[in-house]
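*Asks:* Generate a structure from the sequence data that follows.
(one chain, ligands or ions: 3)
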Amino acid sequence: GFQSKSPFQLLPDFRLKCGLEIHTQLNTKFKLFSFSTNDPFHSIDSPNSNVSFFDAALPGTQPILNYEAVIDAIKLSLALNCDINANSQFDRKHYFYGDQPLGYQITQHYSPISSNGKLSLFENIDNIDQSQKDIGIIQLQIEQDTGKSMYDDSKHFTRIDLNRSNVPLIEMVTKPDFTDLKQVRSFIKKYQNLVRHLKISSGDLETGAMRVDVNLSINDYARVELKNLPNTSSIVNAIKYEYNRQVEIIKNGSADELLTSPETRSWTGVKTVKLRSKETTIDYRYLPDPELPRVILDNDVITNISNSIPTLPDELLSRLISKPYNLSMKDAKILVLNSNGQNEMYTQEELQNFYLKVFDCYYNVVGEKLNHKLPVNWIIHELIGSLNKLELPLSKVLPKLSPEKFSEFIVLIHNKEISNTSAKLLLFHVLNQIKENDHSIREINFDSLIEEFELKPATNASKVDLTELCQTIITELNNEKLLNDIISGKKKNSIQYLVGLGMRASQGTLSPQSLEETFKKILQVKW
Ligand SMILES: Nc1ncnc2c1ncn2[C@@H]1O[C@H](COP(=O)(O)OP(=O)(O)OP(=O)(O)O)[C@@H](O)[C@H]1O
Ligand SMILES: [Mg+2]
Ligand SMILES: [Mg+2]
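*Replies:* Residues are numbered from 1 along each chain as shown. Ligands and ions are numbered 1, 2, ... in the order given. Predicted coordinates for the structure are as follows:
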């Protein structure tokens with residue numbers, strides 16, 4: 001085998017070049033050229049249930065273009081900075097396969113819906129090794145998916161399910177601009193997030209809603225196309241394997257024989273194997289489809305679609321990490337990105353809108369004195385944590401705990417009218433009551449709840465008590481080394497130990513901030 005046990009490495013003398021072809025199923029209501037339901041997964045147990053005469057290619061049936069797919073394609077094209085083709089066209093790509101009943105696939109070859117775009121990757125957003133990397137987009141084309149073949153073990157017959165036949169796809173083709181693995185991985189993630197953000201596809205690799213083919217070459221030898229890459233780790237491992245394989249061929253001096261013409265290889269899970277050479281592929285005999293008129297787009301149409309596109313993830317992220325939000329990139333990503341495991345308790349949009357509204361209300365009240373960490377921490381960590389624990393969806397919470405209400409709660413914390421510990425208890429209590437569907441809480445009144453549960457921090461009651469309590473803790477602790485380490489700044493964190501003791505002694509009624517301040521004052525800490 002070519003796969004070495006040592007970690008993968010790109011060698012400077014063997015320059016990697018990759019280009020991607022990504023097929024994405026659109027989530028339109030109907031199929032691309034018929035009125036059968038577009039639902040290739042739901043009906044997995046009832047094959048051939050969403051099949052019209054056209055999908056099965058009965059003679060005499062004709063295609064009718066689903067404009068929803070065209071709109072989706074335009075949205076994605078605009079998000080990828082492509083030039084929209086106001087006069088595009090469908091072509092027939094001929095090849096024979098059982099799950100392709102027409103005998104050709106309707107695609108766009110001569111005149112695709114858009115071309116000449118780019119998607120930029122950034123170091124801080126996409127975790128690549130340079131500050132910015134632009135990946136050129138050659139084109140986007142609208143096309144049909146094929147049916148599915150299931151091979152019987154005996155190999156005597158093949159079962160064919162046409163539920164997927166004629167499902168709308170967008171094939172997006174990049175330039176061979178990728179020069180390392182991180183760029184490929186980030187691009188796929190970013191593209192996946194983009195189609196989810198635009199709500200045009202689930203973008204799932206596992207179900208095949210998104211399918212990635214990788215083209216790879218080294219130095220200036222011919223490209224090899226890699227297919228059957230069902231998930232990100234297959235994509236990454238196949239590239240690693242194929243790179244090593246080609247390096248080996250070049251080192252052995254056999255490149256002029258073996259890497260001169262493009263070939264298509266399949267990933268088996270451990271290695272790549274040759275499917276066919278591109279030269280011997282059948283001639284597709286592309287032909288403009290005479291049954292489908294050209295797609296002519298008015299400028300108005302493009303403008304309207306453009307106006308309907310939500311703010312794109314990169315723009316949202318850069319807004320959130322700047323004033324007044326000042327979020328960390330990590331927190332901003334939690335609010336914006338759709339690519340990391342969906343949470344069942346909220347949609348990305350719900351969470352993001354909730355945060356933005358809470359922030360606005362809070363900011364309106366406290367102005368420039370804001371603590372930008374308060375809204376985000378209390379939403380991402382506490383609120384979401386509690387929702388997960390209670391298995392309570394955010395949408396059920398919103399009618400009772402609106403963003404305005406939640407911001408009142410944040411303001412109480414901001415003003416230290418309640419300690420963090422008490423605030424956690426209070427929030428959990430409120431959420432729990434919402435879950436129990438307690439009708440007594442028609443309107444949440446945080447002030448009276450604080451009153452009722454006696455959650456007012458003692459700090460407000462008397463400063464003397466606080467100082468006294470801290471002094472007692474220090475005396476009783478009788479640990480000179482610890483105190484000296486704190487005072488000298490050698491172990492600043494040890495002050496948290498004292499704070500902890502203070503919290504316990506006051507049963508959580510004192511805020512950690514006020515305790516820390518008081519301890520520092522007593523110990524005359526200079527840092
Ligand atoms: N030298 C190269 N090294 C790596 N990738 C390349 C190279 N040249 C072209 N590519 C990539 O190969 C891909 C070609 O895709 P395209 O859809 O245009 O043609 P195809 O693969 O021949 O057609 P099909 O859609 O039938 O698979 C693009 O992603 C492009 O970036
Ligand atoms: Mg290809
Ligand atoms: Mg292609």
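*Asks:* quick one: residue 483 and ligand 1, what's the gap?
*Replies:* 65 Å (CB to the nearest ligand atom, to the nearest Å). C-beta here means a position set from N, CA and C on the backbone, and glycine is covered the same way.
*Asks:* ok so that residue is a helix residue?
*Replies:* Yes - counting by DSSP: H, G, I helix; E, B strand; the rest coil, residue 483 is found in a helix.
*Asks:* was I right about it contacting residue 475?
*Replies:* No - assessed by CB atoms under 8 Å, residue 483 is found out of contact with residue 475, at 10.7 Å.
*Asks:* how about the residues of this structure that lie near ligand 1?
*Replies:* 17-21, 173-176, 215-217, 223, 225 (CB under 6 Å from any ligand atom).
*Asks:* ok, so of those, who is nearest ligand 1?
*Replies:* Nearest to ligand 1 out of the residues of the chain next to ligand 1 is residue 19 (CB to the nearest ligand atom; 2.0 Å).
*Asks:* Drop anything exposed from the residues of the chain next to ligand 1.
*Replies:* 17-21, 173-174, 176, 215-217, 223, 225 (16 or more other CB atoms under 10 Å).
*Asks:* measure residue 50 to residue 38 for me?
*Replies:* Going from residue 50 to residue 38 by CB to CB, to the nearest Å gives 7 Å.
*Asks:* okay, and the common contacts of those two?
*Replies:* residue 31 (CB atoms under 8 Å, 6 or more residues apart in numbering).
*Asks:* State whether residue 117 is indeed within a strand.
*Replies:* Yes - judged by three-state DSSP, residue 117 forms part of a strand.
*Asks:* related to what we said a few turns ago, could you dump the residues of the chain next to ligand 1 to CSV with pLDDT, secondary structure and distance to residue 273?
*Replies:* Formatted as CSV, those follow (pLDDT from 0 to 100; DSSP: H, G, I helix; E, B strand; the rest coil; distance: CB to CB, whole Å):
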residue, pLDDT, secondary structure, distance to residue 273
17, 98, strand, 22
18, 98, strand, 19
19, 98, strand, 21
20, 98, strand, 20
21, 98, strand, 19
173, 98, strand, 24
174, 98, strand, 24
175, 98, coil, 27
176, 98, coil, 23
215, 98, strand, 17
216, 98, strand, 15
217, 97, strand, 18
223, 96, coil, 17
225, 96, strand, 13
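*Asks:* biggest strand in this structure by residues?
*Replies:* As assigned by DSSP state E, the longest strand anywhere in the chain is strand 132-144.
*Asks:* what lines up beside that strand in the sheet?
*Replies:* strand 114-122 (antiparallel), strand 168-174 (antiparallel) (DSSP bridges).
*Asks:* can you list the domains in the protein?
*Replies:* 18-209+282-295, 311-456, 460-523 (automatic domain parsing).
*Asks:* residues touching residue 295, list them.
*Replies:* Per CB under 8 Å, 6+ apart, neighbours of residue 295: 65, 70, 87-90, 113.
*Asks:* can you pick the most crowded of the residues you listed?
*Replies:* If you count neighbours using other CB atoms under 10 Å, the busiest of the contacts of residue 295 is residue 90, which has 28 neighbours.
*Asks:* just for the stretch 351-500 of the chain, where's the confidence low?
*Replies:* Within the stretch 351-500 of the chain, the ranges that satisfy pLDDT under 70 run 438-441, 457-464.
*Asks:* thought residue 418 was touching residue 456?
*Replies:* Yes - assessed by CB under 8 Å, residue 418 is found in contact with residue 456 at 7.3 Å.
*Asks:* Next one: the residue in the stretch 351-500 of the chain that ligand 1 sits nearest to from residue 197, what distance?
*Replies:* Here the stretch 351-500 of the chain gets closest to ligand 1 at one residue, residue 352, 32.7 Å apart by CB to the nearest ligand atom. When CB to CB is applied, the distance between residue 352 and residue 197 equals 11 Å.
*Asks:* Among the two, which residue is more densely surrounded?
*Replies:* A count of neighbours by other CB under 10 Å puts residue 197 above the other of residue 352 and residue 197, at 22 against 17.
*Asks:* how about the more buried one, what does it touch?
*Replies:* Residue 197 sits next to 310, 312-313, 338 when contact means CB under 8 Å, 6+ apart.
*Asks:* Filter the residues you listed down to the buried ones and express that as a PyMOL selection.
*Replies:* Buried residues within these, by 16+ other CB under 10 Å, are selected in PyMOL with:
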select buried, resi 312+313+338
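*Asks:* Could you look up the SS state of the residue of the chain positioned farthest from its centre?
*Replies:* What lies farthest from the middle of the chain is residue 475; by CA atoms, centre = their mean that is 53.0 Å. Using three-state DSSP, the secondary structure recorded for residue 475 is helix.
*Asks:* on that earlier part again, tell me which of residue 418 and residue 456 has more neighbours.
*Replies:* Comparing residue 418 with residue 456 by neighbour count (other CB under 10 Å), the higher total belongs to residue 418, at 25 against 16.
*Asks:* mind listing what that one touches?
*Replies:* 412, 426, 450, 455-457, 511.
*Asks:* ok, now residue 14?
*Replies:* Residues near residue 14 by CB under 8 Å, 6+ apart: 218-219, 243, 246-247, 250.
*Asks:* could you redo the last one with a cut-off of 7 Å?
*Replies:* Applying CB atoms under 7 Å, 6 or more residues apart in numbering to residue 14 gives the contacts 218-219, 247, 250.
*Asks:* separation between it and ligand 1?
*Replies:* Separation of residue 14 from ligand 1 (CB to the nearest ligand atom): 13 Å.
*Asks:* Can you give me the distance of that residue to residue 282?
*Replies:* 33 Å.
*Asks:* How about residue 414?
*Replies:* Taken as CB to CB, the span from residue 414 to residue 282 is 69 Å.
*Asks:* out of these two, which sits in the busier spot?
*Replies:* When neighbours are counted by other CB under 10 Å, residue 414 comes out ahead of the other of residue 414 and residue 282, with 18 against 9.
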